[in-house]
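*Asks:* Just need the structure, nothing else, for what follows:
(4 chains)
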Number of protein chains: 2
Amino acid sequence: MARRSRAEMLEETRAKLIDAARAAFAEKGYAGASMDELTARAGLTRGALYHHFGDKRGLLAAVVDRLDNEMAARAHEIGQRHTNAWEGLLAEGGAYIELARDPEIQRIVLLDGPAVLGDPSQWPSQNRCLLATMTTLEALVAEGIVKPVDVEAAARLVNGAALNAALWVAASDDADVLARATDAFRQLASGLLALDPSTSPS
Amino acid sequence: MARRSRAEMLEETRAKLIDAARAAFAEKGYAGASMDELTARAGLTRGALYHHFGDKRGLLAAVVDRLDNEMAARAHEIGQRHTNAWEGLLAEGGAYIELARDPEIQRIVLLDGPAVLGDPSQWPSQNRCLLATMTTLEALVAEGIVKPVDVEAAARLVNGAALNAALWVAASDDADVLARATDAFRQLASGLLALDPSTSPS
DNA sequence: TAATTGCACATACGCCGTGTATGTCAAATT
DNA sequence: AATTTGACATACACGGCGTATGTGCAATTA
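*Replies:* As a prediction, this is how the structure comes out:
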């Protein structure tokens, strides 16, 4: 093992803390997670935590940022697979719904995050998710596939509907709610389509 | 003043605690609100609280239940004003968006509630909101105005979109976001309409 | 290369808040 | 009138967060 530079150690410590916090928050919830236990599991103490993140809330922000970026990247990648831009948008929304089945994302991003950090639409990471949807929508509007809607407003609502559906799917034991949710999502989203039956598959 | 019976005193105490908690949770947030301070402001102690509600979480549940019922009643009333059922549905959604501008509802129902009590779709009160939307949708489907969609799924998504839009409106200082959000909401909701141009106003 | 500065942590302390166990007193029951 | 029930108050113990302080190693500077 080569000896690590100071900067490398720093980043490694941050990563260890974020990973441990991610697991602890997901398991116990934000309020239920103890900083002592959390840091001990990472082989550190609370001193490191307050040094790097300021307070418990700062740590949550870092965890949320990471999770949110992972979500955005994954959803965007799925959306890109489709040559049809409209199907790409739908797939992106469906991807959010599926991603939110992950207990970590449910608990940390969808439940504790908003309560502790405030409205998600103000998070930098959420803006990245939103921006992805907005650019997709922008293109669809330019192509005339989607009505000339307020792109930001539409993107926020679409994302919101998807995330809310995700909570429903997550809370339900029934297996086919996922399909029901995604179907309903497609129906709703079709409200954005320009009134041309040929572009909307029956 | 007539002397109060025991049952009357009990209900009055509960009401005082719920009112005080409502104010405290709205102002300080759930985690930031102290039970000692909260009960003292109501002229009581924590003893009364734990006796009636079991724990802090139980108190929040009671507050949320009350707020949620108020929301549902108000939104439903607004929806009923319209003779046109479709416009009633849209108005109901718009009413949710406006209601959520209330800081109490934002903080307690939309932010802290889900984090502490879990997914809103599992709350008894939320089910009442949902049921209202579902019955409206059911009627619209029966009339052929709305596609034969999965009513529960559609209702959940519609409600989710509205509440999410509400958070956006609430977090934004800009005055016209409310109009932008409601417009986008109408666009989205129109995706549920049967494909008959005559029923959807241009 | 020796002295010094700075930074990444660890340690120790105080404060506050929750939950529970116990006590008290009035009202309802008999 | 005696007893019981229940609605609340009081007292205590436990744990967690934030901060102030200490420590040792790495990066500078001469």
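*Asks:* So chain A: which segments form each domain?
*Replies:* As recorded under automatic domain parsing, the domains making up chain A are A:1-54, A:64-192.
*Asks:* Output the set of residues of chain A in proximity to DNA strand D.
*Replies:* Residues of chain A lying close to DNA strand D (C-beta under 7 Å from any atom of the strand) are A:5-7, A:33-37, A:46-47, A:50, A:55-57. For glycine as for every other residue, the C-beta is placed from the backbone atoms N, C-alpha and C.
*Asks:* which other residues reach stretch A:131-144?
*Replies:* The set of residues external to stretch A:131-144 that reach it, using C-beta atoms under 8 Å, 6 or more residues apart in numbering or on different chains, is A:72, A:75-76, A:79, A:85-86, A:88-89, A:92, A:146-149, A:151-152, A:154-155, A:158-159, A:192, A:194.
*Asks:* so for that stretch, what's the average pLDDT?
*Replies:* Confidence for stretch A:131-144, expressed as mean pLDDT, is 93.
*Asks:* still on that earlier bit, least confident pick among the residues of chain A next to DNA strand D?
*Replies:* Scanning the residues of chain A next to DNA strand D for pLDDT, the smallest score is found at residue A:6, 62.
*Asks:* Just the buried residues of stretch A:185-198, please?
*Replies:* Within stretch A:185-198, the residues that qualify as buried are A:185-193, counting by 16 or more other C-beta atoms under 10 Å in any protein chain shown.
*Asks:* Contacting chain B as well, which ones from those?
*Replies:* With respect to chain B, and counting by C-beta under 8 Å from any C-beta of the partner chain, the subset of the buried residues of stretch A:185-198 in contact is A:185, A:187-193.
*Asks:* Just name the closest of the residues you listed to chain B, please.
*Replies:* residue A:191 (2.8 Å; C-beta to the nearest C-beta).
*Asks:* number of nearby residues for residue A:52?
*Replies:* Summarising burial for residue A:52: neighbours were counted as other C-beta atoms under 10 Å in any protein chain shown, giving 16.
*Asks:* An error on my part: the question was meant for residue A:111.
*Replies:* Residue A:111 sits with 24 neighbouring residues when counted by other C-beta under 10 Å.
*Asks:* tell me the contacts of it?
*Replies:* Under the criterion of C-beta under 8 Å, 6+ apart, the contact list for residue A:111 reads A:29, B:114-115, B:118-119.
*Asks:* Quick one, which of the residues you listed are buried?
*Replies:* By the neighbour-count criterion of 16+ other C-beta under 10 Å, the contacts of residue A:111 include these buried positions: B:114-115, B:119.
*Asks:* neighbouring contacts of the longest helix seen in chain A?
*Replies:* In chain A, assigned by DSSP state H, the helix with the most residues is helix A:56-80. Among residues not part of helix A:56-80, those counted as contacts by C-beta under 8 Å, 6+ apart are A:14, A:17-18, A:21-22, A:25, A:30, A:35, A:49, A:53, A:88-89, A:91-92, A:94-96, A:99, A:104-105, A:108-109, A:112-113, A:116-117, A:123-126, A:128-129, A:132, A:136.
*Asks:* Would you mind listing the buried residues in stretch A:75-88?
*Replies:* Taking 16+ other C-beta under 10 Å as the basis for neighbour counts, the residues of stretch A:75-88 that come out buried are A:75-76, A:78-79, A:85-86, A:88.
*Asks:* Show me which of those has the smallest pLDDT value.
*Replies:* residue A:76 (85).
*Asks:* how close does that one get to residue B:54?
*Replies:* When distance is defined by C-beta to C-beta, to the nearest Å, residue A:76 is 45 Å away from residue B:54.
*Asks:* Helix or strand for whichever residue of chain A sits closest to DNA strand C, just tell me which one.
*Replies:* Of the residues in chain A, the one nearest DNA strand C is residue A:47, at a distance of 2.0 Å by C-beta to the nearest atom of the strand. Taking DSSP states H and E as the criterion, residue A:47 maps to helix A:46-53.
*Asks:* Give the residue spans of chain A that score low on pLDDT.
*Replies:* Scanning chain A for pLDDT under 70 picks out A:1-6, A:196-202.
*Asks:* now do 90
*Replies:* Chain A contains residues with pLDDT under 90 at A:1-11, A:72, A:75-76, A:79-80, A:96-101, A:119-132, A:163-164, A:166-167, A:169-175, A:195-202.
*Asks:* Show me the helices in chain A, by range?
*Replies:* Taking DSSP H as the test, the helices found in chain A are A:6-28, A:35-41, A:46-53, A:56-80, A:85-99, A:103-104, A:113-117, A:124-142, A:151-171, A:177-189.
*Asks:* what's the angle from the longest one to helix A:46-53?
*Replies:* So the one you mean is helix A:56-80. Counting by axes from the mean of the first three to the mean of the last three C-alpha atoms, to 10 degrees, helix A:56-80 lies at 60 degrees to helix A:46-53.
*Asks:* how big is the angle separating helix A:56-80 from helix A:85-99?
*Replies:* Between the axes of helix A:56-80 and helix A:85-99, defined by the same axes, to 10 degrees, the angle is 140 degrees.
*Asks:* Quick one: distance of stretch A:181-201 to the chain centre.
*Replies:* Once both centres are worked out by C-alpha atoms, centre = their mean, to the nearest Å, stretch A:181-201 turns out to sit 23 Å from its chain's centre.
*Asks:* neighbouring contacts of it?
*Replies:* Applying C-beta under 8 Å, 6+ apart, the set of residues contacting stretch A:181-201 from outside is A:86, A:89-90, A:93-94, A:97, A:137, A:140, A:144-147, A:149, A:154, A:158, A:161-162, A:165-166, A:168-169, B:147, B:149-150, B:153-154, B:156-158, B:161, B:187-193, B:195, B:197.
*Asks:* Can you narrow the residues you listed down to the ones near DNA strand C?
*Replies:* By C-beta under 7 Å from any atom of the strand, no member of the contacts of stretch A:181-201 lies near DNA strand C.
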